[in-house]
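Novice: Could you look at this predicted model? Sequence included:
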Amino acid sequence: MSRKHDSIRPIKWENDQLVLLDQRVLPTEERYLEFNDVKDVAKAITDMVVRGAPAIGVTAAYGVVLAARKHNPEQNKNWRRDIEQDLKILAAARPTAINLRWAIDRMRKTMSTHVSSENPLTVLLDEAKLIHQQDVEANYKLSDLAAELIQENSEVITHCNAGALATGGYGTALGVIRTAYEQDKISLVYADETRPWLQGARLTAWELQKENIPVRLVAEGAAAMLMQQQKLDWVIVGSDRIAANGDVANKIGTYSLAVNAKQHGVKVMVAAPTSTIDMNSKSGDDIPIEFRDESELLTVSGQRIAPDGVSAWNPVFDVTPAALIDAIVTERGIVENPNLKKIKTLMS
Ligand code: MRU
């Protein structure tokens, strides 16, 4: 760990296996699970043992290593063909986070270009470790850039968890907050509780408390009143997928936070690595939105809270139009008032 407030790593490769911090049981328990089978990795992504777009991407890269190992490249000359079924299952584990497909495509490229004198498993593991390391480095870089936009004594609000837990380490939105806090620019972080999975209450509050960064929880329904009653400087969030025109898909509730911010003159920052930008999605309309089981809304800790027979609508992401976003910050640079032309220039 090379920075202050940087003690959390949710994904590890240890003893030739993938190790994930189980985010379903935080903050009550810090439990690590071991994975040797790519199908179990895909299920862990679907079940949200690991979540957050960049973390899903890094996990999938290690999942490709496990898939390759299963198909025994040393003895099976058709391993590249045989692995495809597993890669399809992995890619389908969650639909919105583009980092998942991005990481698998990058591993595919490594599979197809490695020279036959090298051991494919070593080459693939090195590439997965590089994807992991580059994700952390991108977070350091974008956090340094973003901190320059933040004035001293700022109070900010974040939504969901875009922290170390959601990435290879350090975080995007929480990376910005870590760096700006270290520079004495942030005095308080409000964390939206983030219904229904409570990423804010369970994960962001845990992560910031662990790093001794002052955090206060709010129900997301309280965010508008918070903005009305006192000065908030920034909304800082991450993203699961940014379209070519700057529309941003992120955890459900981000859109209403951005609408509230516009009404109250609070600026909106989206912090994300360029691996989250999908130039094939022209606008937010092209981004597939994940819907999850209605039980996430109808129950709390396994206990039903709504009357029997009542159903629920549970989209877990929404799209914030580019017009509501003041800055998208990536490791390659800052895009203010994003639009197609500016995003194209960033990505070229
Ligand atoms: O459903 P989740 O918990 O995977 O949703 C995560 C988010 O919405 C994050 O804000 C996003 O992935 C960015 S993480 C750096």
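Specialist: That came through, no problem.
Novice: For the stretch 151-300 of the chain, give the residue positioned nearest to the ligand.
Specialist: Here the stretch 151-300 of the chain gets closest to the ligand at one residue, Gly238, 2.9 Å apart by C-beta to the nearest ligand atom. C-betas here are computed from N, CA, C, even on glycine.
Novice: what's the closest non-adjacent residue to that residue?
Specialist: In this structure, Gly238 finds its nearest non-sequential neighbour in Ala162, 2.8 Å apart by C-beta to C-beta, 6 or more residues apart in numbering.
Novice: quick one, what contacts the one you found?
Specialist: Applying C-beta atoms under 8 Å, 6 or more residues apart in numbering, we find Ala162 in contact with Gly52, Gly171, Thr172, Ala173, Leu174, Val237, Gly238, Ser239, Ala271.
Novice: 10 Å instead, please
Specialist: Contact partners of Ala162, counting by C-beta atoms under 10 Å, 6 or more residues apart in numbering, are 52-54, 139, 171-177, 199, 203-204, 236-240, 250-251, 270-272.
Novice: mind listing which of those residues are in helices?
Specialist: The members of the contacts of Ala162 that map onto helices under DSSP state H are Ala53, Pro54, Asn139, Ala173, Leu174, Gly175, Val176, Ile177.
Novice: now the residues you listed as JSON lines including pLDDT and distance to Val310?
Specialist: What follows is the ones in helices among the contacts of Ala162, written out as JSON lines (pLDDT from 0 to 100; distance: C-beta to C-beta, whole Å):
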{"residue": "Ala53", "pLDDT": "98", "distance to Val310": "31"}
{"residue": "Pro54", "pLDDT": "98", "distance to Val310": "36"}
{"residue": "Asn139", "pLDDT": "98", "distance to Val310": "41"}
{"residue": "Ala173", "pLDDT": "98", "distance to Val310": "34"}
{"residue": "Leu174", "pLDDT": "98", "distance to Val310": "35"}
{"residue": "Gly175", "pLDDT": "98", "distance to Val310": "39"}
{"residue": "Val176", "pLDDT": "98", "distance to Val310": "39"}
{"residue": "Ile177", "pLDDT": "98", "distance to Val310": "37"}
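Novice: Cross-check the residues you listed against the ligand and keep the overlap.
Specialist: Contacts with the ligand within the ones in helices among the contacts of Ala162, counted by C-beta under 6 Å from any ligand atom: Ala53, Pro54.
Novice: Tabulate the ones in helices among the contacts of Ala162 in CSV, adding columns for distance to Glu74 and neighbour count.
Specialist: Shown next, in CSV, are these (distance: C-beta to C-beta, whole Å; neighbours: other C-beta atoms under 10 Å):
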residue, distance to Glu74, neighbour count
Ala53, 34, 27
Pro54, 32, 33
Asn139, 36, 32
Ala173, 43, 34
Leu174, 42, 33
Gly175, 40, 34
Val176, 44, 31
Ile177, 46, 34
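Novice: Now flag whichever of the ones in helices among the contacts of Ala162 is closest to Ile289.
Specialist: Within those, the smallest distance to Ile289 is 13.7 Å, found for Ala53 (C-beta to C-beta).
Novice: ok, back up a step: please look at the residue of the stretch 151-300 of the chain closest to the ligand and Leu165 and confirm they touch.
Specialist: No: if you go by C-beta atoms under 10 Å, Gly238 and Leu165 don't touch, sitting 11.1 Å apart.
Novice: Could you pull out the helices in the stretch 201-348 of the chain for me?
Specialist: Taking DSSP state H, counting those that start in this stretch as the test, the helices found in the stretch 201-348 of the chain are 205-210, 223-229, 254-264, 295-298, 340-347.
Novice: Mind listing residues that contact the first one?
Specialist: For helix 205-210, the external contacting residues (C-beta under 10 Å, 6+ apart) are 5, 7-8, 10, 23, 26-28, 30, 158, 161, 163-166, 171, 174, 177-178, 181, 189, 191, 193, 198-199, 213-217.
Novice: Buried subset of these as a ChimeraX selection?
Specialist: Only the buried members of those end up in this ChimeraX selection, burial being decided by 16 or more other C-beta atoms under 10 Å:
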select :5,8,10,23,26,158,161,163,164,165,166,171,174,177,178,181,189,191,193,198,199,213,215,217
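Novice: mind listing which of the contacts of helix 205-210 are in strands?
Specialist: Residues of the contacts of helix 205-210 located in strands (DSSP state E): Thr158, Val189, Ala191, Val215, Arg216, Leu217.
Novice: possible to save those as JSON lines with pLDDT and distance to Pro73?
Specialist: As requested, the ones in strands among the contacts of helix 205-210 are exported to JSON lines (pLDDT from 0 to 100; distance: C-beta to C-beta, whole Å):
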{"residue": "Thr158", "pLDDT": "98", "distance to Pro73": "43"}
{"residue": "Val189", "pLDDT": "98", "distance to Pro73": "46"}
{"residue": "Ala191", "pLDDT": "98", "distance to Pro73": "45"}
{"residue": "Val215", "pLDDT": "98", "distance to Pro73": "46"}
{"residue": "Arg216", "pLDDT": "98", "distance to Pro73": "51"}
{"residue": "Leu217", "pLDDT": "98", "distance to Pro73": "49"}
